[in-house]
Every structure is written in C-alpha cells, then in structure tokens.
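>>> Return a 3D structure for these sequence lines:
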Amino acid sequence: MRKLLNRFESVFVIIILSVYFGIHFPGMDPHKLGMQESDPYAFAINILLVGFLVIVAVSNRRGLLAAQREVLLLWVLVALTFISALWADTPAVVLRRSGNIFLTTAFSVYLYHRYGLQFLVGIFTRVHALIILASFGILLATPNLGLSAWGETGSWQGAFVGKNALGEVAALGILTASYSFAIRANSRIVATTVVVCNFILLRMSHSITGMVALGLGLGVGIVGSLMQSRNSVWNIIAGIVVLVGMLIAVTVYLSPNDVFAVVGRSSDLSGRTEIWRAVMVAIQQRPLLGYGFGGFWLPGNVAANHVWAVIQWGPPNAHNGWLDLVLQLGIVGVSVALVLWLISVWRCLRLIITRQGNGVLYCAALLACLLLISLTESVILRQAHFTWMLFVVVYLHLAYSAKYQPVPSEVTVREQIGLMAE
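Numbering: from 1, shown residues only. From the prediction side, this is the model:
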C-alpha cells in the first residue's frame, strides 16, 4: 500500500510540474490557469491540487507548521495579494488569482520539504525529458502547432505557446540536467540526453532571452566555482570575469543600439520598451498599492485600455516582472519581493564565499537565470508557473543551508531514488 501511495504521489507531482512548466497540448492551454476566462482544465487541476495539499497538510501538520518560520516573508507577500482585493476594481478576479498563487506557493513549499533539492533536481530532469518528448512529438506530428507564429520564420515553440517560453524552459533544463549529471540525480545518459536535446530546442527557438539567460546562469556558476577555490589565482580570475561582465553591462546601457544590432535585435526589445513607457504612466496613478493582484490587464480596466490605446496593440502583461508587480501590488508589494530576492542573493554569496552548503552554485545559476527572464517576461510572483515555484525552492534551500549544516530536509538521491523508479 505504501509503495502504491508513493507511486501516486510521484505521478501527481510530475503532472503538476508539467503544468507549471507550461507544457501545451493541442486543445489544452495550461497558461489559462488562474486567468479570468472559465477553464474546466484549470479548475480540475486546482481542485485536485487543493485535495492533495489538504491530505499532505493533515498527514504531516507538525512538520509543515514548524517549517513555516523559514517562509514567513513569502507568506506575507502572498497575504498581500489577498488584501489587494480591498482596493481592486475587480475583487473577485483578484481573490481567484490570489488563491492560485497561494496554491503555487504551498505546493512549492511541500516539494522542498518532501524531497529536498538534490532529489528535486532528479524530478525536474525527468519533467524536462517529458517536455523534450512532447516538443519533438508535436513538431513531428503537427508542425504547424510546433512552429511559432511570432518572430523569426521557422522558430520552434514545441510544446509551448511561444518560442520564448520554449527557450527559457530549455535554458533552465540545461542548467538542471547539468547539475543532475554532476550529482548523479539521474543516470548520466538521461542527463546528457536532456542537455543535448535542450540545446537543440534552445537554438531552434531563436529565443535571445533564453540564450542570454543560459549564458548568465552558466557564467554565475563558473564564477562561483572559481570563488570557492582555495587557489588565489582562480580567485583573481573570478574577479576579472566579474569585471568584464560589469563592463559589458555598462556597454549595453550606454550603447544599446550598437549592442542589439550585433545580435540582430532592435533596441526596443521587440516593442517592450514602448510597453514599459506606457506602463510607467499607469503606475504613477496608483504607485503605493497598485491595482490589485492580477487586476490590471483586464478588458474593463480603464488604465489598461489606455496602455493598449497608446501602444496600439494588446499585450496581456508588461513583459517585465518587476513592472507588473508594481502595477499589481504597488511599491509596497515590490519592496517585499525585492527583500526576498536580496536575502536570497546575500545567502547565496555568503555560502559560496564560506564554501558551505550543497547545491549553492546551482541555486546561484537559477537565481541569475530567473532574474534575467524577469526583466523581459512577467514572471515575478506568477501563478501556476515554474518561475515562482523554482524561486520558492531556491529560497528555502538557501535558508536552510545558511541555518543548518547539513540541510535537514535534504534527502539523498540514493535513499529516495526508488520512489520515482517504482
């Protein structure tokens, strides 16, 4: 009976993770989870997730209650999404979407405390393998669904609703499978296959965001590794790499037109800067508390309609996670989120410098990758999405790594590998 329950739990986790990573099947769009439209698929997933989390909470209530001390600030941000219904123009929508971010956060906390980072890396790698199979399957069976209708001709979107979504997930897949290869969370054949196939998907997606995010993630991981070295020469090299990175950033800031011309992109980031300018005007109208969580980009919102009229097209979000968070929760909400990120970065740097904690370099690479993606996509505090789920997992792992040695919730891969193999 125990084995059957473990198998059911493992399958259910992989199903929810597939939804969070945004796998798109013809006729089903996981990206509608939590949106205003009535979606039976999203409703069914949420009901199952609620039931699952209730069972988990009842069966392990003492452990989960004790663990909430490490995620108190996360719950403050989630609570703020519910409170924002008080000043939102559409409180029912805000409450529904706040419920979704609560479920996403609760499931993410459960994941870490159930499995630990190392075993989760093995699960994530398996999910990326499913994404690869789904993407190549759709491209072979129905090429018109596997190719993007936006951007460069022939860009792949695979099992997603856009080429950037495929590129970003492929970049994270490369980082995750590479770490899996290093710690043997999966067989090295599986990990290597996932890395190679994700490189192909990333290249064929033509997603500049995904490519830059991968480069930044790998760069941060390499620099962190050099900083951990006891050899002063490698420490000097790490400093030089950081300096070069800063010079590149300054160059992009001072001469964006020339830099983007080199990579074949416009300096307006495919129209994003135009959206950002219009969004800044809307932010000035409600700077402190915003329009409510998920309450801005709605057809009935006057400010959103003004943004769409100014830019003369209808984006569903600001294409910038931080600007979207200011729109939704104002300066108060973005300040809480910024504190969460600063705490994570500080813990990461401290653990790297002191050479403590397992998986810290992987966490650093993920944070860098997620931060880059958040600058061009609205992924900060995004409901039913892998970006917020990964951030919660990283935040928890760094919190426990900074507090305990070894991490008490860390489950060795060898001890639990049978759960996923059964």
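
>>> from the chain's centre, how far out does stretch 3-16 sit?
Between the centre of stretch 3-16 and the centre of its host chain there is 22 Å, according to C-alpha atoms, centre = their mean, to the nearest Å.

>>> nope, stretch 98-112 is what I meant
The gap between the average C-alpha position of stretch 98-112 and the chain average comes to 13 Å, counting by C-alpha atoms, centre = their mean.

>>> Same question for stretch 218-228.
Counting by C-alpha atoms, centre = their mean, stretch 218-228 comes out at 21 Å from the chain centroid.

>>> same check, this time on stretch 156-168
Going by C-alpha atoms, centre = their mean, the spacing between the C-alpha centre of stretch 156-168 and its chain's C-alpha centre is 14 Å.

>>> Is it correct that residue 323 is in contact with residue 278?
No. Look at residue 323 against residue 278 with C-beta atoms under 8 Å: they stay out of range, at 10.4 Å. Bear in mind the C-beta positions are built from the backbone N, C-alpha and C, glycine included.

>>> more neighbours, these two?
Neighbours were counted for residue 323 and for residue 278 using other C-beta atoms under 10 Å; residue 323 has more, 23 against 19.

>>> Now do the host helix or strand of the more buried one, average pLDDT.
With elements delineated by DSSP states H and E, residue 323 resides in helix 321-353, which encompasses its position. Averaging the model's pLDDT scores along helix 321-353 yields 94.

>>> Can you name the secondary structure element that comes next after it?
Scanning forward in sequence from helix 321-353, with DSSP H and E defining helices and strands, the next element found is helix 360-376.

>>> Quick one: name whatever helix or strand follows that next one.
Using DSSP H and E, the helix or strand that directly follows helix 360-376 along the chain is helix 386-403.

>>> Quick one: distance of that next one to the chain centre.
12 Å.

>>> Kindly report the same for stretch 171-184.
On the basis of C-alpha atoms, centre = their mean, stretch 171-184 is displaced by 16 Å from the centre of the chain it belongs to.

>>> Give me the buried positions along it.
Buried residues in stretch 171-184, counted by 16 or more other C-beta atoms under 10 Å: 171-181, 183.

>>> and if you look at stretch 332-343?
In terms of neighbour count (16+ other C-beta under 10 Å), stretch 332-343 has its buried residues at 332-334, 336-337, 340-341.

>>> can you list those in TSV and add distance to residue 6?
Supplementary listing: these in TSV, determined by distance: C-beta to C-beta, whole Å:
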residue	distance to residue 6
332	42
333	38
334	40
336	36
337	35
340	32
341	35
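
>>> Excluding chain neighbours, what is closest to residue 122?
Counting by C-beta to C-beta, 6 or more residues apart in numbering, residue 185 is the residue found nearest to residue 122 once chain neighbours are left out, at 3.6 Å.

>>> Longest helix in the chain, by number of residues?
When the chain is scanned for its longest helix (criterion: DSSP state H), the result is helix 91-141.

>>> Name the next helix or strand downstream of that one, please.
Moving on from helix 91-141 towards the C-terminus, the next helix or strand you reach (DSSP H and E) is helix 143-146.

>>> Let me see the residues that make contact with that following helix.
Helix 143-146 has contacts (C-beta atoms under 8 Å, 6 or more residues apart in numbering) with 26, 135, 138-140, 156-159.

>>> Name the residues of that helix that are buried.
Judged by neighbour count (16+ other C-beta under 10 Å), helix 143-146 contains these buried residues: residue 146.

>>> in terms of contact count, name the helices or strands touching the helix or strand following it.
Once the chain leaves helix 143-146, the next helix or strand it forms, by DSSP H and E, is helix 163-183. Helix 163-183 is packed against helix 91-141, helix 188-205, helix 208-228, helix 360-376, helix 386-403, with contacts defined by 3 or more C-beta pairs under 8 Å, 6 or more residues apart in numbering; DSSP states H and E.

>>> where among these is the average confidence lowest?
Minimum mean pLDDT among the helices and strands packed on helix 163-183: helix 208-228, a mean of 85.

>>> ok so, going back, which of the buried residues of stretch 171-184 sits closest to residue 392?
Nearest to residue 392 among the buried residues of stretch 171-184: residue 172, at 14.8 Å, using C-beta to C-beta.

>>> what residues are up against the closest residue to that closest one other than its chain neighbours?
Nearest residue to residue 172, sequence neighbours excluded (C-beta to C-beta, 6+ apart): residue 369, at 6.2 Å. Neighbouring residues of residue 369 by C-beta under 8 Å, 6+ apart: 171-172, 175, 213-214, 216-217.

>>> export those residues to a markdown table and tack on distance to residue 59?
As requested, these are exported to a markdown table (distance: C-beta to C-beta, whole Å):
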| residue | distance to residue 59 |
| --- | --- |
| 171 | 36 |
| 172 | 31 |
| 175 | 33 |
| 213 | 38 |
| 214 | 39 |
| 216 | 40 |
| 217 | 36 |
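
>>> Could you report the distance from the residue nearest to residue 220 when sequence neighbours are not counted to residue 381?
Excluding the flanking residues, the one nearest residue 220 by C-beta to C-beta, 6+ apart is residue 368, at 4.1 Å. For residue 368, the distance to residue 381 (C-beta to C-beta, to the nearest Å) stands at 19 Å.

>>> These two - which one has more neighbours?
Taking residue 368 and residue 381 together and counting by other C-beta under 10 Å, residue 381 has the greater number of neighbours (30 against 24).

>>> my guess is that one meets residue 84, correct?
No. The pair residue 381 and residue 84 fails to qualify as a contact (C-beta under 8 Å) at a distance of 11.4 Å.

>>> Now do the shared contacts for those two.
Taking C-beta under 8 Å, 6+ apart as the contact rule, residue 381 and residue 84 both touch 293, 328.

>>> Now stretch 87-95: buried residues?
By neighbour count, with 16+ other C-beta under 10 Å as the criterion, the buried positions of stretch 87-95 are 87-88, 90, 93-95.

>>> Among those residues, pick out the one closest to residue 2, please.
Of all the buried residues of stretch 87-95, the one sitting nearest residue 2 is residue 95; the distance, using C-beta to C-beta, is 38.1 Å.
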